[in-house]
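Colleague: got a predicted model here, sequence first, then my questions.
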Amino acid sequence: MTVTELARLAEVSTALISQVERELSDPSLATVRKIARALDTPLFSLFEEPESDDVAVVRHAGRMTVQSPSGIAYSRISAGRGRLEVLEGTLPAGAASAPEPWSHPSEECVLVTEGKLVVEVASDEYRLDSGDSCYFDSRLPHRYLNPAETTAVFLISITPPSY
């Protein structure tokens, strides 16, 4: 695929793709999502090292993390290969995971481990406290909102990986 084709599919400029390719620019989380969708690959797979072992250990200090301008951060707990991806998310007080709900071809389960979280799925809102979980079809437009005055921490399991 050419830079021009990728830029067209990702709906970004060819200059941006070129700068990212030459490591002259760090794209936003939203841009990386667009590029991953254009390449039809899970977002975190753009950063991973190939592994061949049947068992993988991911050390806390070695986790891959991405953060968006909105403040949400995702840290990959799973090794990043296979049919399941597990992420730890942190969302600051009053923040949202994305400006607008979005979708991807997966199934998702979120478990709140600290704080409160609102899961917005197809315009419906589900309020979760610590220990609560929510499962949904990720093809439905969705996002996470933190209505509390403290940071929310949560685990997300996604299958197949498509974040």
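Modeller: Everything's here; your move.

Colleague: quick one, domains of this structure?
Modeller: Taking automatic domain parsing as the reference, the chain has its domains at 3-40, 60-159.

Colleague: gap between the two ends of the last one?
Modeller: So that's domain 60-159. Between the opening and closing residues of domain 60-159 we find a distance of 22 Å, counting by C-alpha to C-alpha, to the nearest Å.

Colleague: just checking, residue 128 touches residue 114?
Modeller: No - using C-beta atoms under 8 Å, residue 128 is not in contact with residue 114; the gap is 11.4 Å. For every residue, glycine as well, the C-beta is placed using N, CA and C.

Colleague: higher neighbour count, those two?
Modeller: Taking other C-beta atoms under 10 Å, residue 128 and residue 114 do not tie; residue 128 has more neighbours (19 against 14).

Colleague: quickly find the element holding the more buried one.
Modeller: Following DSSP states H and E, one finds residue 128 within strand 124-129.

Colleague: what lies in contact with that strand?
Modeller: Outside strand 124-129, the residues that touch it by C-beta atoms under 8 Å, 6 or more residues apart in numbering are 110, 112, 116-120, 134, 145, 147.

Colleague: same check on stretch 26-35?
Modeller: Residues external to stretch 26-35 that are found in contact with it (C-beta under 8 Å, 6+ apart): 6, 10-12, 16-17, 20, 43, 46, 66-69, 72, 98, 102, 163.

Colleague: also stretch 69-87?
Modeller: If you take C-beta under 8 Å, 6+ apart as the criterion, stretch 69-87 is touched by 28-29, 42, 44-45, 48, 51, 56, 58, 63-67, 88-92, 95-99, 144, 155-161, 163.

Colleague: what about those, which are in strands?
Modeller: Secondary structure assignment (DSSP state E) places 65-67, 88-91, 144, 155-159 from those within strands.

Colleague: going by neighbour count, which of those are buried?
Modeller: Burial by neighbour count, 16 or more other C-beta atoms under 10 Å: within the ones in strands among the contacts of stretch 69-87 this picks out 66, 88-91, 144, 156-158.

Colleague: among the domains of the chain, where is the model least confident on average?
Modeller: Among the domains of the chain, domain 3-40 carries the lowest mean pLDDT, a mean of 81.

Colleague: and it, how far apart are its ends?
Modeller: Chord length of domain 3-40, first to last residue, is 15 Å (C-alpha to C-alpha).

Colleague: how far away from the center of its chain is that domain?
Modeller: When distances are taken as C-alpha atoms, centre = their mean, to the nearest Å, domain 3-40 is centred 16 Å away from the chain's centroid.
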